[in-house]
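1. Kindly generate the corresponding structure for this input.
(chains A and B, ligands or ions: 2)
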Amino acid sequence: MTAITFIHPDGRSDRVEASEGESAMLAATRHGLVGILAECGGNAMCATCHVYIDDGWLARLPPMADEEDALLDGTACDRLPGSRLSCQIKITLELDGLVLRLPERQV
Amino acid sequence: MSALGSSSTTSAVPHLDIDPFAIEFFADPFPTHEVLREAGPVVYLDKWNVYGVARYVEVHAVLNDPMTFCSSRGVGLSDFKKEKPWRPPSLILEADPPAHTRTRAVLSRVLSPSVMKQVRDGFTAAAEARVDALLDKRSFDAIEDLAEAYPLSVFPDALGLKAEGREHLLPYASLVFNAFGPPNQLRQKAIERSAPHQAYIAEQCQRENLAPSGFGACIHARVDEGEITAAEAPLLVRSLLSAGLDTTVNGLGAAIYCLARFPDQWQLLRDNPTLARNAFEEAVRFESPIQTFFRTTTREVELGGALVGEGEKILMFLGAANRDPRRWDKPDSYDINRRTSGHVGFGSGIHMCVGQLVARLEGEVMLSALVRRVAKIEITGEPKRRFNNTLRGLDSLPVAITPA
Ligand code: HEM
Ligand code: FES
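-> Ligands and ions are numbered 1, 2, ... in the order given. I've put the predicted structure just below:
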């Protein structure tokens, strides 16, 4: 199990246990986390699972594919250098302690 | 070889005497969906000689293994390897990777989240205007005057279609979705009468007939980038004309029917209009406007403990999976607060609806406009069902609304 932390726009945080191989989005929705919508169910189509990631963690994630890059141009909140889609982040043991910041809104 | 683990024992598949394309079935599919789900993870339907999956896990598994369960042999009953398709196959819906990957990338970009941001204001204004017009009437048919009228007022323009001939759009879509079914009366009649609709559609798909900056022109522009050929572009425009209108008509119809039938949910929406988008999504789960699609096996495969040979048609009951109690809490309740993520009303995997953002946009802005202006929706007459081999929806829904 890998622990990941979601920080809400108001500063509150939620820690969820993620299984290896599942996406950060799935870990969030399985725990009923408010703030990740995931309308397309993780098929990289909706951009409603947007998160912001600080530089340190960002550097440790595999680079994004072209589809993710294109989708991020359509997020409801501004795209920032740390923007990623949480359905495309696969959880591994090395990601224990990962911190993901949630945007104000997803649609 | 096996898709789901490599267990050695395979079980007998229950044979069922059910016709999921019969009018009596369409009138009330839910009890039969339960029979299909409870009979086993995989069933065999003798009437049409096809396998069927109605539980969420197996439907999801089939959707997400496109190399084993292919689309290029048709996503209807007809096997393109054995029968000539009634029209040239779709370059996206009826294609497998790698061919699918290329055409899919084009439509994904034409209908992307950033494009939705650009069309959003126009779609919103049209929804508000439609609701204002309905408030003047007070009593109307929620199918013709709302579920059809609204998409017809935004989608053909967004595509860039000419004003003339649009009366062919819904009949053409109805034909396409009937044609996925077996050779029953619905399909035969639709195809017999199809010539004028097909001629209209073929014409509108041509570059010179599409307004610049619409979705259609954006598809043709990809030819200049070398992503698709000039011969492919019209067929991709055809995909939007086939799948982009009647689906949202039935999606919106489902949402209005749900909110009119379940006043407690309408009240929840009135208390919190930001639930509009989820209220639409939940209606897509609850009614599943596209009820079924087929796949064809490319090899022998183990599915849900059963051994299925190569070249077999598998019917996926999306509507039954969306109400499978193994996956959903209180599946038969329409609950606008439900976490709908994961429903298969738009499919799943590589073919998952490429127009889902358009559908959600239309659903969200229409329900928002309604709930902000209307206090009450009442059903004032017997709703009539419309029968189609693939689409589920109403033919008419008489309602009366009270202003907020
Ligand atoms: C509520 C409305 C809608 C529903 C329920 C719906 C449902 C679906 C489903 C279930 C599929 C999967 C097909 C498969 O797996 O074989 C699909 C695919 C597709 N849809 Fe939709 N759809 C809707 C609206 C739209 C709209 C508005 C458009 C166009 C703007 C559209 C265009 C397409 C296309 C082109 C495909 C084929 C995608 C592929 O094969 O990669 N749909 N849709
Ligand atoms: S869940 Fe839709 S893009 Fe991530």
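2. Around chain A, pick out the residues from the stretch 251-400 of chain B.
-> Within reach of chain A by C-beta under 8 Å from any C-beta of the partner chain, the stretch 251-400 of chain B has these residues: B:277, B:281, B:339-343, B:346, B:348-349, B:352, B:354, B:356-357, B:360, B:364. In this view, the C-beta of every residue, glycine as well, is placed from N, C-alpha and C.
3. Now the two most distant members of those residues.
-> Spatial extent of these (C-beta to C-beta) is set by the pair B:Gly349 and B:Glu364 at 24.3 Å.
4. and these two? which has more neighbours close in?
-> Neighbours per residue (other C-beta atoms under 10 Å in any protein chain shown) separate B:Gly349 from B:Glu364, with B:Glu364 holding more: 24 against 16.
5. Just checking the helix or strand that that one is a member of against ligand 2, any contact.
-> Assigned by DSSP states H and E, B:Glu364 belongs to helix B:356-373. No: using C-beta under 6 Å from any ligand atom, we find that helix B:356-373 stays clear of ligand 2, coming within 9.5 Å at best.
6. Residue numbers of chain A in contact with ligand 2?
-> With C-beta under 6 Å from any ligand atom as the criterion, chain A meets ligand 2 at residues A:25, A:38-40, A:42, A:44-49, A:85, A:87.
7. which one of these has the most neighbours?
-> A:Cys49 (31 neighbours).
8. Quick one: end-to-end length of stretch B:207-216, please.
-> 8 Å (C-alpha to C-alpha, to the nearest Å).
9. no, scratch that, I was asking about stretch B:31-47
-> Terminal residues of stretch B:31-47 lie 18 Å apart, using C-alpha to C-alpha.
10. what's the answer for stretch B:92-102, then?
-> 9 Å.
11. quick check, it touching ligand 1?
-> Yes: part of stretch B:92-102 sits near ligand 1 under the criterion C-beta under 6 Å from any ligand atom, namely B:92-93.
12. Tell me how far the residue nearest the centre of chain B lies from B:Gly355.
-> Of all residues in chain B, the one closest to the mean position by C-alpha atoms, centre = their mean is B:Ile290, 3.8 Å from it. For B:Ile290, the distance to B:Gly355 (C-beta to C-beta, to the nearest Å) stands at 12 Å.
13. Quick check: neighbours shared by the two?
-> With contacts defined as C-beta atoms under 8 Å, 6 or more residues apart in numbering or on different chains, the residues shared by B:Ile290 and B:Gly355 are B:Thr247.
14. What lies in contact with the longest helix along chain B?
-> If you go by DSSP state H, chain B has its longest helix at helix B:113-137. Applying C-beta under 8 Å, 6+ apart, the external contacts of helix B:113-137 come out as A:46-47, A:71, A:73-75, B:109, B:140, B:145-146, B:149-150, B:153-154, B:158, B:215, B:218, B:357-358, B:361-362, B:365-366, B:368-370, B:373-374, B:401, B:403.
15. Wait, a strand at B:Ser108?
-> No: counting by DSSP: H, G, I helix; E, B strand; the rest coil, B:Ser108 falls outside a strand, being helix.
16. next one: phi and psi at the residue lying closest to it once chain neighbours are set aside?
-> Leaving aside its chain neighbours, B:Ser108 sits nearest to B:Val354 (5.9 Å; criterion: C-beta to C-beta, 6 or more residues apart in numbering or on different chains). Per-residue torsions, B:Val354: phi -80, psi -10 (degrees, to the nearest 10).
17. before we move on, what about A:Gly42?
-> phi 100, psi 10.
18. likewise B:His33?
-> phi -60, psi -40.
19. so it makes contact with B:Arg323?
-> Yes: B:His33 is within contact range of B:Arg323, at 6.6 Å (criterion: C-beta atoms under 8 Å).
20. Hmm, A:Thr2 and A:Thr92 touching each other?
-> Yes: proximity of A:Thr92 to A:Thr2 meets the contact threshold set by C-beta under 8 Å, at 7.2 Å.
21. ok, and the closest non-adjacent residue to whatever residue of chain A ends up closest to chain B?
-> Relative to chain B, the nearest point of chain A is A:Gly74 (2.4 Å; C-beta to the nearest C-beta). Nearest non-adjacent residue to A:Gly74, counting by C-beta to C-beta, 6+ apart: B:Pro113, 2.4 Å away.
22. ok, the one you found to A:Leu71 distance?
-> 6 Å.
23. what about these two, which has more around it?
-> A:Leu71 (29 against 20).
24. From A:Ala47, how far off is the more buried one?
-> Going from A:Leu71 to A:Ala47 by C-beta to C-beta gives 4 Å.
25. which residues do the two both contact?
-> A:85, B:113.
26. count of residues packed around A:Lys90?
-> Using other C-beta under 10 Å, A:Lys90 has 15 other residues around it.
27. now B:Lys84
-> Neighbours of B:Lys84 using other C-beta under 10 Å come to 7.
28. How about whichever residue of the stretch 251-400 of chain B sits closest to ligand 2, nearest residue that isn't a chain neighbour?
-> Using C-beta to the nearest ligand atom, the single residue of the stretch 251-400 of chain B nearest to ligand 2 is B:Ser341, 7.3 Å away. Setting aside the residues directly before and after it, B:Ser341 is nearest to A:Ala38 in space (C-beta to C-beta, 6+ apart), at 4.4 Å.
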